[in-house]
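In: would you be able to build a 3D model of this:
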Amino acid sequence: MKERLASKVAVITGAAQGIGASVARSFAQNGCFVYVTDINDELGRTVATSIGDCAAYLPLDVREEGDWQRVTTHVLEKHGRLDVLVNNAGITGFEARVVPHDPEHASLEEWRAVHRTNLDGVFLGCKYAIRAMRRHGQGSIINISSRSGLVGIPGAAAYASSKAAVRNHTKTVALYCAGQNLEVRCNSIHPAAILTPIWEPMLGTDAGREERMAALVRDTPLRRFGTPEEVAALALLLASDEATYITGSEFNIDGGLLAGSAATPAVIDDGEN
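Out: Take a look at the predicted model:
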């Protein structure tokens with residue numbers, strides 16, 4: 001099979017596990033040199049090592065502008081180009097402890113912490129990717145948003161707000177690059193119910209795991225979790241030269257969740273009979 005990203009160079013944030021790690025592996029398998037970046041150095045290096053010679057690990061805290069300057073400078077000095085950026089790093093705000101994230105009780109500190117990673121990180125990534133991609137006038141920026149960026153989430157207001165902002169900023173970046181006569185495309189992916197490590201505390205490892213999994217995806221028309229590899233397949237398309245006319249677009253990968261219920265009424269009454 002033709003390597004769909006042959007000779008390209010990519011930076012993927014939050015790539016030490018989950019969706020980011022799967023995207024890194026998929027890109028590398030398709031001929032891309034991949035920079036696995038994360039703040040978890042041990043896991044990040046493990047992923048890069050497992051991929052092989054076509055990958056390297058770089059520490060990157062997406063909240064820090066100096067880190068972005070360092071990473072993009074390294075990539076350009078080493079390869080002379082940056083072709084793909086996947087802004088995948090993100091947090092829910094519940095990683096350390098369960099705290100209120102509803103609109104009434106969320107603290108300003110918690111609100112800002114989520115936005116600093118999820119939104120500021122994407123802003124900085126886009127900023128420095130555009131500058132790096134100017135060298136060749138083309139590239140692909142892929143922002144990982146969420147279903148939560150398309151609907152309200154009362155118990156995770158900061159997360160939903162940040163992901164909605166990522167969706168909108170993606171379109172702004174796409175229009176800006178087009179207006180600059182750059183063939184730099186920017187699109188967003190909106191996953192839902194993807195089986196990543198974030199779900200493990202809820203699923204457990206005992207005999208009730210399968211029952212809990214089924215309960216969590218009961219409202220998903222396909223009645224199952226998606227996999228990180230399925231998200232990576234979509235990212236691969238958007239990164240490739242097969243998608244050169246796609247920009248400013250959003251792609252839901254949610255098992256049909258946003259399409260509506262899979263249930264079919266026994267009788268259809270349109271009010272005309």
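In: which residues in the stretch 151-273 of the chain form strands?
Out: 183-191, 250-253 (DSSP state E, counting those that start in this stretch).
In: ok, which of those strands comes nearest residue 47?
Out: Proximity to residue 47 (C-beta to C-beta) singles out strand 183-191 among the strands of the stretch 151-273 of the chain, at 19.0 Å. No exception for glycine: its C-beta is placed from N, CA and C like everyone else's.
In: which stretches of this protein have low pLDDT?
Out: 1-2, 201-202, 262-273 (pLDDT under 70).
In: of all residues in it, which one is nearest the centre?
Out: Centroid-nearest residue in the chain, with C-alpha atoms, centre = their mean: residue 144, separated by 2.4 Å.
In: contact partners for that one?
Out: Residue 144 makes contact with 19, 86-88, 90, 166, 188-189, 191, 231, according to C-beta atoms under 8 Å, 6 or more residues apart in numbering.
In: can you put these in JSON lines and add neighbour count and distance to residue 132?
Out: Shown next, in JSON lines, are the contacts of residue 144 (neighbours: other C-beta atoms under 10 Å; distance: C-beta to C-beta, whole Å):
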{"residue": "19", "neighbour count": "26", "distance to residue 132": "23"}
{"residue": "86", "neighbour count": "30", "distance to residue 132": "14"}
{"residue": "87", "neighbour count": "29", "distance to residue 132": "14"}
{"residue": "88", "neighbour count": "28", "distance to residue 132": "17"}
{"residue": "90", "neighbour count": "26", "distance to residue 132": "22"}
{"residue": "166", "neighbour count": "25", "distance to residue 132": "20"}
{"residue": "188", "neighbour count": "28", "distance to residue 132": "20"}
{"residue": "189", "neighbour count": "24", "distance to residue 132": "21"}
{"residue": "191", "neighbour count": "22", "distance to residue 132": "26"}
{"residue": "231", "neighbour count": "25", "distance to residue 132": "24"}
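In: thinking again about what came up before, distance to residue 235 for the strands of the stretch 151-273 of the chain - can I get that in JSON lines?
Out: Converted to JSON lines, the strands of the stretch 151-273 of the chain look like this (distance: least, C-beta to C-beta, whole Å):
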{"stretch": "strand 183-191", "distance to residue 235": "6"}
{"stretch": "strand 250-253", "distance to residue 235": "9"}
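In: among those, show me which one is buried the most.
Out: Of all the strands of the stretch 151-273 of the chain, strand 183-191 has the most neighbours on average by mean count of other C-beta atoms under 10 Å, namely a mean of 24.
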